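Trainee: what follows is a predicted protein model with its sequence.
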Amino acid sequence: MAAGTLPGIEVTNIRKVFDDANHNAFTDLCRFGDRFYLTFRSCPDGHGIFRTSRILVLSSADGKVWAPAFHFSVPDRDVRDPHFLIFRNTLFVYTGTWLADPDHPVQHDLNDHLGYGAWSADGTTWSGPRMLEGTYGHYVWRAASHGDRALLCGRRKREFAHRFRGETKADVIQSLMLESEDGLVWRAAAFFAEDKGDETAFLFEDDGSVLAVVRGPAALPARVCRSRPPYREWRRVPLDRNVGGPLLVKWNGHCLVGGRKTAGPNNPVTTLYWLVGDNLEEICELPSAGDNSYPGFVQTGETTALLSYYSTHEPARPGHAGTAIYLANLTMR
């Protein structure tokens, strides 16, 4: 490719890898040891907050044939948005959970959030789920590691403001960077966003500097956030659009962003971009519609990768929710 020209991405072999009668959504993908792992939430009662939800982990030797590896739920809690972290030679899967109190089924508040984790040293024998110390009142999301620390996005209300239930007042919602030495006990390290916080994808450079994409609440634009250790000073720049369920990874020196774009009224589409400076350069749209996005990514070769996401663009079979998990092969051109 010519100097200064952004590479293209060819998307091939888009296939449905999980489709049952449940609502299946919110994916992540990784390679641990010699196998691939795919995780997502599955719930027979739908997208909303339900005690019947569970986290599934599938495993594959080749990215083509998948088999169950592990699953879990948490009593009286809705589990969702699972994300992987490989840390200290261990595969962790984290989930943010809403309290689903059967005595108060329609009362949901961020202050009742709690993170849970499960983990495995070999991908076969699993421990947990275990409550993540230090995450009460935080909705945990994507994770990363740098050096001897694990880092985790946690969304919360400023000073746990009790006057506003749920996530109805964006100005008091924060996105924090939580840190841990063992992947199970967490404490606050920095703020990705001190207001209008939401789902945050982030990555670290070798020198410890961090790059993050913070989803905007409702239809507000996402933000690109940058900082260097000790992460007290940040540069935060709004993008030109919202990015729902953001993905941010480094691929051959380029920053790949994925997530849900609202292409028009009631027309959300899972879309891939290159992040160039503080701007998104759109690459392609994936077959998707309705309830969709939340991609996962794993590089399989110098110019090849797998991408997971979920969507409702294909007609549902009778008795099915129509929300299925998809994989696509990506090739950088």
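Mentor: Ah, there it is. Residues are numbered from 1 along each chain as shown.
Trainee: tell me how far Leu99 lies from Gln107.
Mentor: 9 Å (Cβ to Cβ, to the nearest Å). C-beta here means a position set from N, CA and C on the backbone, and glycine is covered the same way.
Trainee: who has more neighbours out of these two?
Mentor: Set Leu99 next to Gln107 and count neighbours by other Cβ atoms under 10 Å: Leu99 wins out with 18 against 12.
Trainee: any stretches of this structure with poor pLDDT?
Mentor: When residues are selected by pLDDT under 70, those of the chain lie in 1-4, 166.
Trainee: center of it - which residue?
Mentor: Per Cα atoms, centre = their mean, the C-alpha nearest to the average position across the chain is that of Arg142, at 5.0 Å.
Trainee: correct me, but that one touches Phe202?
Mentor: Yes. Arg142 lies in contact with Phe202 (Cβ atoms under 8 Å); the separation is 6.8 Å.
Trainee: quick check: neighbours shared by those two?
Mentor: By Cβ atoms under 8 Å, 6 or more residues apart in numbering, Arg142 and Phe202 have these common neighbours: Cys153.
Trainee: where along the stretch 1-150 of the chain do the helices fall?
Mentor: Using DSSP state H, counting those that start in this stretch, no helices are found in the stretch 1-150 of the chain.
Trainee: do you have the strands of it handy? List them.
Mentor: For the stretch 1-150 of the chain, applying DSSP state E, counting those that start in this stretch gives strands covering 9-18, 23-32, 35-43, 54-60, 67-72, 77-87, 90-99, 114-120, 126-131, 139-146, 149-157.
Trainee: want to throw these into a markdown table with distance to Ala188?
Mentor: Shown next, in a markdown table, are these (distance: least, Cβ to Cβ, whole Å):
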| stretch | distance to Ala188 |
| --- | --- |
| strand 9-18 | 35 |
| strand 23-32 | 23 |
| strand 35-43 | 26 |
| strand 54-60 | 25 |
| strand 67-72 | 26 |
| strand 77-87 | 18 |
| strand 90-99 | 16 |
| strand 114-120 | 13 |
| strand 126-131 | 17 |
| strand 139-146 | 13 |
| strand 149-157 | 8 |
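Trainee: go through the ones you listed and name the closest to Thr331.
Mentor: Between Thr331 and the strands of the stretch 1-150 of the chain, the tightest spacing by Cβ to Cβ is seen for strand 9-18, at 4.5 Å.
Trainee: listing partners with orientation, what would you give for the closest one?
Mentor: Strand pairing for strand 9-18, determined by DSSP bridges: strand 324-332 (antiparallel).
Trainee: tell me the angle the partner strand makes with strand 23-32.
Mentor: 40 degrees (axes from the mean of the first three to the mean of the last three Cα atoms, to 10 degrees).
Trainee: so what touches strand 324-332?
Mentor: For strand 324-332, the external contacting residues (Cβ under 8 Å, 6+ apart) are 7-19, 24, 27, 38, 40, 63, 251-252, 286-287, 303-312, 314.
Trainee: kindly report the same for stretch 100-115.
Mentor: By Cβ under 8 Å, 6+ apart, the list of residues contacting stretch 100-115 reads 49-51, 76-78, 94-99, 131-132, 135-140, 152, 154-157, 160, 162, 165-167, 173, 186.
Trainee: filter these down to the buried ones.
Mentor: 49-51, 77-78, 94-99, 132, 135, 137-140, 152, 154-157, 167, 173, 186 (16 or more other Cβ atoms under 10 Å).
Trainee: which of the contacts of strand 324-332 are buried? Put it as a ChimeraX command.
Mentor: In ChimeraX syntax, the buried subset of those is picked out as below (16+ other Cβ under 10 Å):
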select :9,11,17,18,19,24,27,38,40,63,251,286,305,306,307,308,309,310,311,312
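Trainee: any idea how far apart the tips of stretch 276-289 sit?
Mentor: The first and last residues of stretch 276-289 sit 26 Å apart, counting by Cα to Cα, to the nearest Å.
Trainee: meant to ask about stretch 306-318, not that
Mentor: Stretch 306-318: ends 30 Å apart by Cα to Cα.
Trainee: now do that stretch: distance to the chain's middle.
Mentor: Relative to its chain's centre, stretch 306-318 lies at 17 Å (Cα atoms, centre = their mean, to the nearest Å).
Trainee: quick one: contacts for Leu91?
Mentor: Leu91 touches 30, 32, 37, 84-85, 119-121, 123, counting by Cβ under 8 Å, 6+ apart.
Trainee: do Ser308 as well
Mentor: Going by Cβ under 8 Å, 6+ apart, the list of residues near Ser308 reads 17, 27-29, 38, 40, 295-297, 325-327.
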